[in-house]
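Trainee: the sequence and its predicted three-dimensional model are supplied below.
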Amino acid sequence: QLGAYVQDKMEFSEFVLNVGVRLDYYETKTTVPVDFTKLDGTAFVATSKKWKVSPRVSFAHSVTDRSKLFFSYGHFFQLPPYTTLYTGQEAFANPLVEIRTGILNPVGGDRAVGNPDLKPQTTISYEVGYEQEVSDDLAFFAKGYYRNIRNLLATDVGFLSNGAVYAFYTNRDYGNVRGLNFTLKKRLSNSYAFSVDYTFQVAEGNASSPTQTYLNYRSQTQNQQQVVFLDWDQTHTLRWVVDYASEGWHAGMIGKLESGYPYTPAIGSAVQGGQTGSEENNARKPSLFNVDLNISKEFELSLGEGRIYYGLYTKIYNLFDTRNELFVFTNSGRATFSSDPAFVGFAQFDKRPDFFSKPREVLVGAYIRF
C-alpha cells in the first residue's frame, strides 16, 4: 500500500486558494476466481493493481473584514477492510470442502467470502458555505454539502455444484448524502459561552449494509431496486452546548434533539418469517432527546511558592432520564410494545431494556492537581 500527495496554499489580498492531489496505490498480490458465483468450476487470475488519483481544491474569499465565502471539492479514497479482502481464502482451493465462512443458513455463517480484487471505495465531496462575525465574540456559520459515494461494499450469492449457497464481497452499492448546516457560536466572554448547531440532511443509497444481499436471499426478499433512506439518515439534528465559568465555578450543558432513524416495517408474524414491508426504511423511529450536565468547583491552596488546585465535580448523564427508543419492534414502530399477534398475552416479550438509551447516571468525584 502506498500513498503520496502534493499540496500548495496560495494567499492573495482577498482570497486563499488550496490546491492538491493525492495518489493512492495498493495491490493484494494473490489470485481470485474469474467467476465468484461458481467457485468449484472456474479458473483463477492474478489480482489487478489498484490506484486512484484524488484531486482536491478549496477556496475562501473575504467578502468584508468580518465575513467570507468558501468552497471545497475533493475525491477521497478508502481501502476496503482486510477482512473483506482475505476472509475465507481457503475456500478457493477446495470450495466443496472448505466453504464455510460464507455459507447462508438460518442459524449462523453470516460472514461472506473475501474478495482480494475489491475496488477502493470513493467519495466525491462538495461543500459551499458562508461565515459571518456578528460581533467580537459571536459568529454565524452556514454551509451546504453533497457527497457522492461509489464502490461501496456489497455482497452477492454464489452456488456450488453440490447445491451449497454462499456469499461473497463485491463492489456494487452506492449512496449520496446532502444537507444544510447552520451554527451560531459565542466564545467565552462575560463568564459564558454557547453554540447552537442545526443540520438538515438526507442520506440515501441502495443498501445500508454490505450483507444486505445475502440477508435478502435468506429471507426470500427482493433486492432493493431504488434508492432509499440509509440506516444512519437523520433528517433533523439540533445540538447545543452552554458553558459558564466564574470564580472557580464551571458548569457545562450538552444537549441534542434529533429525528429518529429509519426502519423497515414488518407485516405478518415473526413465527411466519417476519416478512418485511414493500419498501426498505420507509418508516421512522421516535425522535431522540438528551441533555448532559457537568458542574465543578475548583479551589486554590498556596504552599510557599507553589500552589495546589483541588476541586469537586458532578457529572449527570441523561439529566431528564429520557427513555430514548434506540431500537423498535418492526411491526409496531415502538420499543414499548409489539403488535405481533403471535405474542399477544406474553407480557415479558415486550420488555426489552436493551432497546432504550441508558437511564440517568450521576457521577460525583474530587480531583487534585499541582
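Mentor: Perfect, I can see it now.
Trainee: only C-alpha atoms from now on, for both contacts and neighbour counts.
Mentor: Will do.
Trainee: from the chain's centre, how far out does the host helix or strand of Ile368 sit?
Mentor: If you go by DSSP states H and E, Ile368 is part of strand 361-369. From the chain centre to the centre of strand 361-369 is a distance of 32 Å (Cα atoms, centre = their mean, to the nearest Å).
Trainee: I'd like to know which elements it is packed against.
Mentor: Contacts defined by 3 or more Cα pairs under 8 Å, 6 or more residues apart in numbering; DSSP states H and E place strand 361-369 against strand 306-317.
Trainee: what about stretch 36-48, start to end distance?
Mentor: The straight-line separation of the ends of stretch 36-48 (Cα to Cα, to the nearest Å) is 16 Å.
Trainee: what does that stretch contact?
Mentor: Residues outside stretch 36-48 that contact it (Cα atoms under 8 Å, 6 or more residues apart in numbering): 27-35, 92, 94-96, 116-117, 157-161, 168.
Trainee: how much space separates Trp232 from Arg284?
Mentor: Counting by Cα to Cα, the gap from Trp232 to Arg284 is 11 Å.
Trainee: just Phe44 next, same as before
Mentor: Distance from Phe44 to Arg284, by Cα to Cα: 46 Å.
Trainee: which one of these two has more residues nearby?
Mentor: Ranked by neighbour count (other Cα atoms under 10 Å), Phe44 and Arg284 place Arg284 first, with 17 against 14.
Trainee: that one contacts Tyr263, correct?
Mentor: Yes: using Cα atoms under 8 Å, Arg284 is in contact with Tyr263, at 5.9 Å.
Trainee: what is the neighbour count of Leu96?
Mentor: Leu96 - counted by other Cα under 10 Å - has 16 other residues nearby.
Trainee: surely it is within a helix?
Mentor: Yes: assessed with DSSP: H, G, I helix; E, B strand; the rest coil, Leu96 lies in a helix.
Trainee: quick check, pLDDT for it.
Mentor: Predicted confidence (pLDDT) for Leu96: 80.
Trainee: what do you get for Gln224?
Mentor: Value listed for Gln224 in the pLDDT field: 61.
Trainee: now do Gly255
Mentor: 98.
Trainee: against Val242, how distant is it?
Mentor: In terms of Cα to Cα, Gly255 sits 9 Å off from Val242.
Trainee: Ala167 too?
Mentor: 49 Å.
Trainee: okay, those two: which has more neighbours?
Mentor: Ala167 (29 against 16).
Trainee: quick one: the strands in the stretch 1-150 of the chain, in order.
Mentor: Applying DSSP state E, counting those that start in this stretch to the stretch 1-150 of the chain gives strands spanning 2-11, 15-26, 31-33, 44-46, 50-64, 67-78, 121-135, 138-159.
Trainee: for Glu298, find the nearest of those strands.
Mentor: Nearest to Glu298, of all the strands of the stretch 1-150 of the chain, is strand 138-159, at 27.6 Å by Cα to Cα.
Trainee: what packs against the closest one?
Mentor: strand 121-135, strand 165-189, helix 212-218.
Trainee: tell me the mean pLDDT over that strand?
Mentor: Rounded mean pLDDT across strand 138-159 is 92.
Trainee: please apply the same query to stretch 235-251.
Mentor: Stretch 235-251 comes out at a mean pLDDT of 95.
Trainee: can you list contacts of that stretch?
Mentor: Contacts of stretch 235-251 (Cα under 8 Å, 6+ apart): 188, 191-202, 252-259, 293-299.
Trainee: from Trp249, how far out is Ala112?
Mentor: For Ala112 relative to Trp249 (Cα to Cα), the value is 55 Å.
Trainee: more neighbours, these two?
Mentor: More neighbours surround Ala112 than the other of Ala112 and Trp249, with 28 against 16 (other Cα under 10 Å).
Trainee: pLDDT score assigned to the more buried one?
Mentor: So Ala112 comes in at 80 (pLDDT).
Trainee: right, and it touches Gly158 too?
Mentor: No: the criterion here is Cα under 8 Å, and Ala112 misses it with Gly158 at 10.6 Å.
Trainee: do you know the pLDDT at the residue nearest the centre of the chain?
Mentor: Closest residue to the average C-alpha location of the chain: Trp232 at 6.2 Å, with Cα atoms, centre = their mean. Here the pLDDT value assigned to Trp232 is 88.
Trainee: is Ala245 in a bridge, and if so with what?
Mentor: His250 (DSSP bridges).
Trainee: just give me the neighbour total for it.
Mentor: Ala245 has 18 nearby residues by other Cα under 10 Å.
Trainee: and the gap between Asp133 and Ser62?
Mentor: Actually, residue 133 is Glu. It isn't Asp. Counting by Cα to Cα - Glu133 and Ser62 are separated by 12 Å.
Trainee: residues touching Arg284, list them.
Mentor: 260-263, 333.
Trainee: apply 7 Å and report the result again.
Mentor: By Cα atoms under 7 Å, 6 or more residues apart in numbering, Arg284 lies in contact with 260-263.
Trainee: so what's it bridging to?
Mentor: Beta-bridge partners for Arg284, by DSSP bridges, are Pro262.
Trainee: ok, it to Asp231 distance?
Mentor: To Asp231, Arg284 is 10 Å away according to Cα to Cα.
Trainee: same question, Asn324
Mentor: In terms of Cα to Cα, Asn324 sits 17 Å off from Asp231.
Trainee: coming back round to it: joint contacts of Ala112 and Gly158?
Mentor: Counting by Cα under 7 Å, 6+ apart, the residues touching both Ala112 and Gly158 are Ala167.
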